[in-house]
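K.L.:
Provide a 3D model corresponding to the input given below.
(one chain, ligands or ions: 2)
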Amino acid sequence: MQNEMQNERQALKKMRILGIETSCDETGLAIFDEAKGLLGHVLYSQVSTHAPFGGVVPELASRDHIVKILPLLTELLENTETSLESLTGIAHTKGPGLMGSLLVGSCFAKALGYALNIPTLGIHHMEGHLLAALLEKEAPLFPFLALLVSGGHTQLIEVFGVGEYKILGESLDDAAGEAFDKTAKLMGLGYPGGPRLAELAESGDAHRFQFPRPLTDRPGLDFSFSGLKTFTMNVFNASEKTEQDKADIAACFQEAVVDTLFIKCKRALKATGLKNLVIAGGVGANLCLRERLQSLEGKVFYPRLEFCTDNGAMIAYAGYQRFKAGKTDSLEIEILPRWPMDKIEKD
Ligand code: KG4
Ligand code: ZN
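P.N.:
Ligands and ions are numbered 1, 2, ... in the order given. Predicted coordinates for the structure are as follows:
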C-alpha cells in the first residue's frame with residue numbers, strides 16, 4: 001500500500017530531466033523542469049584539444065568527455081541550485097556520433113540513473129537539434145518544416161509531432177556543415193572550419209565568382225555539396241591566394257550554400273503547404289543563412305544561437321518530451337553511432 005502510494009506520488013511529481021550530450025566534441029549538460037522550463041545548462045567545447053590536428057580526434061574527444069563530465073554536472077547543480085535527488089530522469093545522446101564519446105555519456109547516465117534509482121533514456125542527437133527551437137518562448141506549433149543542417153546531416157523534414165518525422169530530402173554526399181569544414185580546411189583556415197569561413201566571408205565579395213547551386217536546376221529536395229567543395233578548391237588553387245582572394249572565395253562559397261538551402265526550403269514549403277520553418281543544427285548559427293531566410297514567405301524559427309550547435313539543453317528537452325510519452329530504456333548500455341533519422345521510433 002505504501003509502495004503504491006509512493007509510486008503514485010512519483011507519477012504526480014513534476015518531471016525534472018538531466019540531459020547529457022557527448023556525441024562529438026562538446027560536453028553539454030542541462031536540466032529541464034516540467035514546471036519551470038530550462039533551469040540551466042553548461043557546456044565545454046573541446047576546440048583547443050582538436051585545433052592542433054585540424055579536426056576532431058575521436059580518442060581525444062572521449063578522454064576529454066571523461067575528464068569534464070563530472071565537474072560539469074557539479075557546476076550545473078550548483079548554478080541551478082538543484083539537488084541530484086530532485087531529478088526524475090536522465091536523457092543522454094545515444095547516437096549518431098563518435099562511438100567512444102557516446103559511450104562516455106551513456107555509461108555516465110546509466111550509472112547515475114542506477115544510483116539515483118531513476119529511469120534513463122537514449123535520445124537521437126538530431127531529434128535533439130530538431131526540437132531545440134521548442135525551448136524558445138516563441139515556439140512553432142506542429143506541424144512544421146525543419147531544415148536540419150549540421151556537420152553530419154542536411155535534411156528537410158516534415159515534422160508532425162514528437163517522433164513523427166517524414167524526410168523530404170537530404171544530402172546525397174557531404175552535409176552542409178561538412179562542406180563548410182572541408183572547404184575551410186582546403187583553404188588553410190583550420191578548425192572549426194564553419195565559423196572561421198563564415199567570419200572570413202564577411203569581408204569578401206560574394207559576386208566576384210559565379211559558383212554553382214547544386215541540384216537546384218532539377219525538381220526534388222535532395223542536396224549535394226561535394227561538387228561545390230571541389231569547385232571552390234579549383235577556384236582557390238587558380239587564385240593568387242591573397243587575403244582578398246580568400247575572403248572573396250569564402251563569400252562566394254557561403255553564398256552558394258545559403259542560396260541552395262534557401263531555394264530548397266522555399267520549394268519544400270510550397271510542396272507541403274506548411275507555413276512554419278524551423279532551422280536546426282550548427283549551420284543554423286550562420287548569420288548569412290539567417291538573413292537570407294528572412295525573405296521566405298512563412299515564419300522562420302531558430303533555437304537561440306548557443307543552442308544551434310551541440311548542447312545539453314536540447315537533449316534534456318527531447319528527453320522530457322519522450323519521458324512524458326512514457327518512454328524509458330533498460331539499464332543495458334546501447335549506443336548507435338550510425339542511426340538514421342527515419343529509424344527513430346514514434347513512441
Ligand atoms: O550541430 P553541430 O554543432 O554538430 C553536429 O551535430 O554536427 O554542427 C556543427 C557544424 C560544423 O560543421 C560547423 O562547421 C557548422 O556546424 N557551423 C557553421 C557555423 N557554426 C557552426 N557553419 C557555418 N557557419 C557558422 N556560423
Ligand atoms: Zn549536432
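
K.L.:
sec struct for residue 78, please.
P.N.:
helix (DSSP: H, G, I helix; E, B strand; the rest coil).

K.L.:
what about it, distance to residue 291?
P.N.:
To residue 291, residue 78 is 38 Å away according to CB to CB, to the nearest Å. (Each C-beta comes from the backbone N, C-alpha and C, glycine too.)

K.L.:
the residue in the stretch 101-250 of the chain that ligand 1 sits nearest to: what's it in contact with?
P.N.:
Taking CB to the nearest ligand atom, ligand 1 has its nearest neighbour within the stretch 101-250 of the chain at residue 194, 2.1 Å off. Applying CB atoms under 8 Å, 6 or more residues apart in numbering to residue 194 gives the contacts 151, 177, 180, 181, 184, 282, 283, 286.

K.L.:
for the second one, which non-adjacent residue is spatially closest?
P.N.:
For residue 177, ignoring the flanking residues on the chain, the nearest one in space by CB to CB, 6 or more residues apart in numbering is residue 151 at 3.9 Å.

K.L.:
what does the helix or strand containing residue 20 rub up against?
P.N.:
In this structure, residue 20 is located in strand 16-21 according to DSSP states H and E. Strand 16-21 is contacted by residues 27-34, 39, 69, 73, 82, 86-93, 105, 108-109, 112, 123, 125, 128, 310-320, 323 when judged by CB under 8 Å, 6+ apart.

K.L.:
buried subset of those residues, written for ChimeraX?
P.N.:
Selection of buried members from those for ChimeraX, criterion 16 or more other CB atoms under 10 Å:
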select :27,28,29,30,31,32,33,39,69,73,82,86,87,88,89,90,91,92,93,105,108,109,112,123,125,128,310,311,312,313,314,315,316,317,318,319,320,323
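
K.L.:
thinking again about what came up before, which element, helix or strand, includes the residue of the stretch 101-250 of the chain closest to ligand 1?
P.N.:
Counting by DSSP H and E, residue 194 is part of helix 193-201.

K.L.:
hmm, who's touching the very next helix or strand once past that helix?
P.N.:
For helix 193-201, the following helix or strand on the C-terminal side (DSSP H and E) is helix 226-238. When contacts are defined by CB under 8 Å, 6+ apart, helix 226-238 is touched by residues 173-174, 179, 182-183, 186-187, 209, 211-212, 214, 245-246, 249, 252-253, 256-257, 260.

K.L.:
which among those count as buried?
P.N.:
Listed as buried from the contacts of helix 226-238 are 173-174, 179, 182-183, 187, 209, 211, 214, 245-246, 249, 252-253, 256-257, 260; burial here means 16+ other CB under 10 Å.

K.L.:
next step: those restricted to helices.
P.N.:
179, 182, 183, 245, 246, 249, 252, 253, 256, 257, 260 (DSSP state H).

K.L.:
so the fifth one sits against residue 187, correct?
P.N.:
Going back to what we said before, that points to residue 246. Yes - in this structure, residue 246 is within contact of residue 187 by CB atoms under 8 Å, at 6.0 Å.

K.L.:
ligand 2 versus residue 241, what's the distance?
P.N.:
Computed as CB to the ion, to the nearest Å, the residue 241 to ligand 2 distance reads 32 Å.

K.L.:
name the SS class of that residue, please.
P.N.:
Here residue 241 is recorded as coil under three-state DSSP.

K.L.:
tell me which parts of the stretch 51-200 of the chain are close to ligand 2?
P.N.:
With CB under 5 Å from the ion as the criterion, the stretch 51-200 of the chain meets ligand 2 at residues residue 150.

K.L.:
mind redoing it with 8 Å?
P.N.:
125, 126, 128, 129, 150, 151, 152 (CB under 8 Å from the ion).

K.L.:
dump those residues to TSV, plus distance to residue 264 and pLDDT.
P.N.:
Output for these, formatted as TSV (distance: CB to CB, whole Å; pLDDT from 0 to 100):
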residue	distance to residue 264	pLDDT
125	22	97
126	18	96
128	23	98
129	18	96
150	16	95
151	19	94
152	18	92
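
K.L.:
how about these, which pair is most distant?
P.N.:
128 and 151 (14.0 Å; CB to CB).

K.L.:
which non-adjacent residue is nearest residue 41?
P.N.:
The shortest distance from residue 41 to any non-neighbouring residue, by CB to CB, 6+ apart, is to residue 30 (3.5 Å).

K.L.:
pull out the buried positions in stretch 326-342.
P.N.:
Residues of stretch 326-342 classed as buried by neighbour count (16+ other CB under 10 Å): 327, 329, 333, 335, 336, 339, 341.

K.L.:
burial measure for the residue of the stretch 1-150 of the chain found nearest ligand 2, as a count.
P.N.:
Nearest residue of the stretch 1-150 of the chain to ligand 2, counting by CB to the ion: residue 150, 4.5 Å away. By other CB atoms under 10 Å, 24 other residues sit near residue 150.

K.L.:
could you measure from the closest residue to it other than its chain neighbours over to residue 81?
P.N.:
In space, and not counting its chain neighbours, residue 150 is closest to residue 281: 3.3 Å by CB to CB, 6+ apart. Using CB to CB, residue 281 is found at 32 Å from residue 81.
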